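Engineer: have a look at this fold, sequence not included:
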């Protein structure tokens, strides 16, 4: 009985991980925007992806999505 519960819990964890997997967006940036993004990432000790994700999230919230 305990073994079966452990197996089910492991399966649920795997399913949750799959739902949270990364989904990539490919978008071209002009040279100036890319340089500004690189500079912001460098000066704030962040990855560029963190900044882009936060910007997209903020845009969506501001527009009701």
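Structural biologist: Ah, there it is. Because the structure is a prediction, the values reported are computed rather than measured.

Engineer: how near is residue 6 to residue 12?
Structural biologist: 11 Å (CB to CB, to the nearest Å). Bear in mind the C-beta positions are built from the backbone N, C-alpha and C, glycine included.

Engineer: swap in residue 64?
Structural biologist: Distance from residue 64 to residue 12, by CB to CB: 32 Å.

Engineer: next one: residue 25
Structural biologist: With the distance defined as CB to CB, residue 25 ends up 28 Å from residue 12.

Engineer: and residue 47, backbone torsions?
Structural biologist: Residue 47 adopts backbone torsions of phi -80, psi 150, taken as degrees, to the nearest 10.

Engineer: gap between residue 22 and residue 34?
Structural biologist: For residue 22, the distance to residue 34 equals 21 Å [CB to CB].

Engineer: more crowded one of residue 64 and residue 12?
Structural biologist: Between residue 64 and residue 12, residue 12 has the larger neighbour count (other CB atoms under 10 Å), namely 10 against 5.

Engineer: quick check: phi and psi on the more buried one?
Structural biologist: Residue 12 has phi and psi values of phi -60, psi -40 when expressed as degrees, to the nearest 10.

Engineer: per-residue pLDDT, it?
Structural biologist: Here, the pLDDT recorded for residue 12 equals 87.

Engineer: if we can go back for a sec, give me the more crowded residue out of residue 22 and residue 34.
Structural biologist: residue 34 (12 against 5).
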